[in-house]
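Enquirer: Structure for this input, please:
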Amino acid sequence: VFTDPILMCGAIIAEYLSVPSVYFLRGFPCSMDSEATQCPNPPSYVPRLFLNNSDSMTFAQRVKNVLVRMLEFVYCKPIFTQFEELAYEIIQKKVTATDLLSHGSVWLMRYDFVFEFPRPVMPNMVFVGGINCDQKK
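Expert: So this is what the prediction gives:
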């Protein structure tokens, strides 16, 4: 199943049919892409989204980064609860959103590694950046 995993319907269908899934995405809220692929994502090293931190953070920025990471457990859970309930109705077993995403065979990441902050990635995460760019005039 070739899908954008944000709405998770494709991931649920792939799990139900027991077929491999290929995810095509720009980014995932709450770093669930890193959790699902079991990729290291240390909050003291990888800047969180929307904090405007660089890859060389000060100690105060690192502390703020860790605090935001801890808050993600609170505000991200309600976002994916409805998909977990839908998956339970279809698959007939309790699964978390991270469990559903962890079955992804290949993650096609729609950004260029050169323009992003350095961070660890897993072998099944492939960068396909630049496909949405226009020709320079």
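
Enquirer: Mind listing what's buried along stretch 111-120?
Expert: Buried residues in stretch 111-120, defined by neighbour count with 16 or more other CB atoms under 10 Å: 111, 119. Quick note: C-beta positions are derived from backbone N, CA and C, even for glycine.

Enquirer: which regions of this protein sit below the pLDDT cut-off?
Expert: 49-50, 130-137 (pLDDT under 70).

Enquirer: Quick check: closest non-adjacent residue to the most centrally placed residue in it.
Expert: By CA atoms, centre = their mean, the chain has its centre lying nearest to D33, at 2.4 Å. Of all residues not flanking D33 in the chain, W107 sits nearest, at 6.5 Å (CB to CB, 6 or more residues apart in numbering).

Enquirer: on that earlier part again, can I assume the residue nearest to the centre of the chain is in contact with N41?
Expert: No - between D33 and N41 there is no contact under CB atoms under 8 Å: 9.1 Å.

Enquirer: Wait, a helix at V22?
Expert: No - with DSSP: H, G, I helix; E, B strand; the rest coil as the criterion, V22 is located in strand rather than a helix.

Enquirer: That one: neighbouring residues, count only.
Expert: Residues contacting V22 under the criterion other CB atoms under 10 Å number 17.

Enquirer: what residues are up against it?
Expert: 1-3, 104-108 (CB atoms under 8 Å, 6 or more residues apart in numbering).

Enquirer: so of those residues, which ones are in strands?
Expert: Of these, the ones assigned to strands by DSSP state E are 2-3, 104-108.
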